[in-house]
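Need a 3D model of the sequence below.
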Amino acid sequence: MNVVSSSVSVTVTDPAASSRFFTTHLGFREVLADEDFVELARDDAAVDLVLVRRDLERHGPGQGPTDVVVSFEVTGITAEYERLRNDEAHLSVTLHQEPWGDLVVRLVDPNGVVVQLTEWVPPAGT
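Numbers count the residues shown, from 1 in each chain. I've put the predicted structure just below:
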């Protein structure tokens, strides 16, 4: 088997709102769009995102994704954090360093999709 591409499908109430969030704040572009779904991509190694409108008959009455975190390992996270703050993106966890070295920031899209940006920075003394 040879994987030639990959995507993550996330069920949301409003695909257009999530699309605006990902294109405005995270550099994605729309590849395909319809009333019920949007496919987003970037020109780097990021996985494609498919935002699918929640169908109450198929998915039930849930309000949004449950325990979904879309995580991207990035470079230049400090500058990205400042840009996101200036853009007034909804930051749910401010930039901080984990004990094992990762710099981490989390933001949330209008449908409740949590996006985590991380950058590996070796802890002091290693």
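
how about the strands in this structure?
Ranges of strands within the chain are 7-12, 29-33, 37-41, 48-53, 69-73, 91-97, 102-108, 114-120, based on DSSP state E.

Now tabulate those strands in TSV and tack on mean pLDDT and distance to S19.
(Glycine included, C-beta is placed from N, CA and C.) Shown next, in TSV, are those (pLDDT from 0 to 100; distance: least, CB to CB, whole Å):
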stretch	mean pLDDT	distance to S19
strand 7-12	89	9
strand 29-33	95	6
strand 37-41	95	4
strand 48-53	92	6
strand 69-73	89	14
strand 91-97	95	20
strand 102-108	94	15
strand 114-120	92	13
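
So which of those strands is nearest E80?
E80 lies closest to strand 114-120 among those, at 6.3 Å (CB to CB).

Quick one: distance of that closest one to the chain centre.
The chain centre lies 9 Å from the centre of strand 114-120; the measure is CA atoms, centre = their mean, to the nearest Å.

Would you tell me which helix is longest in the protein?
helix 15-26 (DSSP state H).

T13: neighbour count?
16 (other CB atoms under 10 Å).

With adjacent residues omitted, what lies nearest to V105?
L95 (4.6 Å; CB to CB, 6 or more residues apart in numbering).

separation between the one you found and G76?
12 Å (CB to CB, to the nearest Å).

Show me what the longest helix of the chain packs onto, helices and strands only.
On a contact count with 3 or more CB pairs under 8 Å, 6 or more residues apart in numbering; DSSP states H and E, helix 15-26 meets strand 29-33, strand 37-41, strand 48-53.

sorry, back to before: which stretch among the strands of the chain approaches R85 most closely?
Set against R85 and scored by CB to CB, the strands of the chain come closest in strand 91-97, at 6.7 Å.

just to revisit the earlier point, can I get the strands of the chain in a markdown table with mean neighbour count and distance to S18?
Below are the strands of the chain laid out as a markdown table (neighbours: other CB atoms under 10 Å; distance: least, CB to CB, whole Å):
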| stretch | mean neighbour count | distance to S18 |
| --- | --- | --- |
| strand 7-12 | 16 | 5 |
| strand 29-33 | 13 | 11 |
| strand 37-41 | 20 | 7 |
| strand 48-53 | 20 | 5 |
| strand 69-73 | 14 | 10 |
| strand 91-97 | 13 | 15 |
| strand 102-108 | 19 | 11 |
| strand 114-120 | 18 | 10 |
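
Noted, bye for now.
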